[in-house]
Structures are given as structure tokens and as C-alpha cells.
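>>> Attaching a predicted model along with its sequence, questions to come.
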Amino acid sequence: MQDNGTYPNTLIDGFGRKVDYIRLSITDRCDFRCVYCMSEDMTFLPRNEVLSLEECARLVKIFVSLGVSKVRITGGEPLVRKNALWLFKEIGQLSGLRELVTTTNGSQLEQQAEALKTAGVRRINISLDSLDAERFRKITRVGDLDKVLRGIAAAKLAGFHNIKLNSVLMKGVNDDEALPLLAFAVDQGIDISFIEEMPLGDVDHTRDSTYVSNEATLKLLQTRYELISSAETTGGPARYWRIPNTNTKVGFISPHSHNFCESCNRVRITCKGELYLCLGQEDKVDLMPLLREFPDDDRPLIEAIIGSMRIKPKGHDFDLKRAAPAVIRFMSHTGG
Ligand code: 5AD
Ligand code: SF4
């Protein structure tokens, strides 16, 4: 545990939930343009509106001193940020941190997997929505499937034992790939989670036109695989299943179908330093002004973070039928 002087070393919100997990987006930029995540012509933030890596490191250190034990670095695509590795190393050294993990699109892993492992990253989540190169290109608009597959191989070679694929299934786009994607995960000895598309950011299609329920996906997978429900939870929206005689766990991330908010243990920090208390709500505290106004005094930041616990909402309410996205900000700002 990092010492923070006189402040408590646990964050508890107004509903008695312990917050010990932060997800930090270190860039809104990405080398892909996935159709469910971005519009075709995204404009990205100017550099000075994004936290510097030093500011990111300072924030994470403060959160760890307040009892946060798990940190996920996300984006955008975190590995396209210049010197991202420096930040991973800084965070990896914090005593009190139990788990440093990251979510990536895999495009840079071929070069960076080994260094991430050395920096202390424990687990990697890699987005993979199709095993067909042409379709992969359509979904990501620009991505190269082969490069991502080489990235997955590099992560395995670097000794990551906890690799998880994240697949967003969309009706009429890739919902016929649930079984092949699972077969690939089983073959690779890695985990896979199916994520229902969430109404985040204004993209170029309406979300209910592509919605595939995880219930339907589960039914489909059960035609080919035996799935055994597991009690395991990370305090998030995922339910896990095991497949006997394999190393593969299957997760279903169902923001629409299940209410998981009562066990929520996490908050998110955008690349602009906004502390969002819930992925599906607008409640937030701006940490960037405090970071910049008080470069040598952590107390205002600590007090703002402790104070933010009072406004963490009870839960979200995503509604697919609503014309506008539930939340205007893009996943690439908030961090997946
Ligand atoms: N709905 C569901 N998942 C999304 N992701 C990005 N945008 C959305 C969305 N609107 C996923 C990515 C990645 C993870 C971090 O979040 O595919 O796997
Ligand atoms: Fe990039 Fe991930 Fe968004 Fe795709 S989902 S555009 S890989 S940030």
C-alpha cells in the first residue's frame, strides 16, 4: 500500500460498495475504427487536453494509496500512445497493486507483448470480432487480422497465461462467428468473452438493428459445447462458464440482460482526466484541473476522489430503443 498520510485507505461509495478497481484510458486515439465504437470520421482530442503520462502515473499512484488494487489501462488503443510502456512500468512497480491489466486491439502486441510482461502486466484482453480477414477489415474499417493473430501468438510466447478475447457480436455482421471464435479460443487455450453492443457514442448505425443477446449466443454455443456455469465474478457485468477438458472460460458481458450494478467495484478515468463513476451515467468529477493547479500537492485530488464516492450512481439504464445513444461519449474516451 502506498502511504497517503492521513486519508483512509479504502474507497466506499454511498451504497456501501468498495471501489478497488480503476480503468484508465490513456488515449482516445486508435489505429482501428470499429463500427460499434467509432464513426468513420472521428476527430481526436488535441494533445494538451489529454493527460500526460506523468499525470496518469500520479493519478494511479493516488488511487492505489486509497486502496485500489486493480488497474486496467485502456484506450482508444493504449499501445499506440507513445511511451505507453513507461507508464506500464511505473504502475507495475507500485506496492499495493495486485493486478495490472490491459485491453488492446492486438495490433501492436507483436512488438510489445514481451515488454508488457516484463513491466508487470498480468492479463491481456484482446478484441477479436472475426476470423475472416475481409470481414475483420470491414468491422474495424482498417484492421489487419493477420497482424492481430501474430499479436496473440506473441502474447502467448511472452508467457501470458491469462489472455482473453473480447468479441462484440452484431446481427447480420458476425453473429455467425460465435462458434468459430469459441473454437479458436479453445484451440489456443485462452478465454473469450462475448460482449453485447452498448449504446455508447454516436456511431453510423442504430444499436437495436444489430443487437444480439448473449442468451441467444449461449444457446448457440451449447449446441456444440458443454458449458458449466461458474460462480466466478470480477464484480463486473460478466458471467463465466467453463468448458470441461479445456483451458477455456467463456464470459458473457450483458449490460442489457442482467443487472450487475449492485456489486460494482469500479470507476473509470477518461484520457481527459474525468472520473466517471458509472459507464452508463454522466456523473463525473474533473480531475485534470486539480492535477494541473496543484502539481505538488495531492490533497485536493485525494479529497475530490473521496468526495466522488458520494455521487457514484446506483446503476445504469441502457435502452436500445432510444434513438440517441444512452451516453454521448465514446467508449474510446471512457475506456472499455
Ligand atoms: N459496445 C460494446 N463493446 C464495445 N467496445 C467498444 N465499443 C463498444 C460498444 N459500443 C469493446 C471493444 C473492446 C472492449 C474494450 O470494448 O470491442 O473489446
Ligand atoms: Fe479501437 Fe477498440 Fe474502438 Fe476498435 S473498439 S476502434 S480497437 S478503441
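Okay, I see it. Residues are numbered from 1 along each chain as shown. Ligands and ions are numbered 1, 2, ... in the order given.
>>> Only C-alpha atoms from now on, for both contacts and neighbour counts.
Will do.
>>> end to end, how far does stretch 38-58 reach?
Taking C-alpha to C-alpha, to the nearest Å, stretch 38-58 runs 29 Å from one end to the other.
>>> pLDDT score for the one residue in the stretch 51-200 of the chain that gets nearest to ligand 2?
Of all residues in the stretch 51-200 of the chain, the one sitting closest to ligand 2 is Gly76 (3.7 Å; C-alpha to the nearest ligand atom). At Gly76, the model reports a pLDDT of 95.
>>> now do Ser257
So Ser257 comes in at 53 (pLDDT).
>>> same check, this time on Val327
56.
>>> at contact distance from ligand 2, anything in the helix or strand containing Leu116?
Using DSSP states H and E, Leu116 sits in helix 109-119. No: residues of helix 109-119 are not located near ligand 2 by C-alpha under 6 Å from any ligand atom, the shortest gap being 12.8 Å.
>>> Gly5: neighbour count?
9 (other C-alpha atoms under 10 Å).
>>> which residues does Asn162 contact?
Applying C-alpha atoms under 8 Å, 6 or more residues apart in numbering, we find Asn162 in contact with Arg122, Arg123, Ile124, Ile190, Asp191.
>>> I misspoke; the intended subject was Lys18.
Thr10, Leu11, Ile12, Asn265.
>>> Now Thr248, what are its backbone angles?
phi -100, psi 130 (degrees, to the nearest 10).
>>> residues contacting it?
So Thr248 contacts Ala185, Val186, Gly189, Ile190, Asp191, Ile192, Arg242 (C-alpha under 8 Å, 6+ apart).
>>> Quick one: the strands in the chain, in order.
21-25, 70-74, 99-104, 123-127, 163-168, 191-195, 228-230, 238-242, 249-253, 266-269, 274-276, 284-286 (DSSP state E).
>>> Just put these in JSON lines and tack on mean neighbour count and distance to ligand 2.
Shown next, in JSON lines, are those (neighbours: other C-alpha atoms under 10 Å; distance: least, C-alpha to the nearest ligand atom, whole Å):
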{"stretch": "strand 21-25", "mean neighbour count": "25", "distance to ligand 2": "10"}
{"stretch": "strand 70-74", "mean neighbour count": "25", "distance to ligand 2": "8"}
{"stretch": "strand 99-104", "mean neighbour count": "22", "distance to ligand 2": "7"}
{"stretch": "strand 123-127", "mean neighbour count": "22", "distance to ligand 2": "7"}
{"stretch": "strand 163-168", "mean neighbour count": "24", "distance to ligand 2": "9"}
{"stretch": "strand 191-195", "mean neighbour count": "24", "distance to ligand 2": "11"}
{"stretch": "strand 228-230", "mean neighbour count": "14", "distance to ligand 2": "27"}
{"stretch": "strand 238-242", "mean neighbour count": "20", "distance to ligand 2": "18"}
{"stretch": "strand 249-253", "mean neighbour count": "24", "distance to ligand 2": "15"}
{"stretch": "strand 266-269", "mean neighbour count": "23", "distance to ligand 2": "15"}
{"stretch": "strand 274-276", "mean neighbour count": "22", "distance to ligand 2": "18"}
{"stretch": "strand 284-286", "mean neighbour count": "17", "distance to ligand 2": "21"}
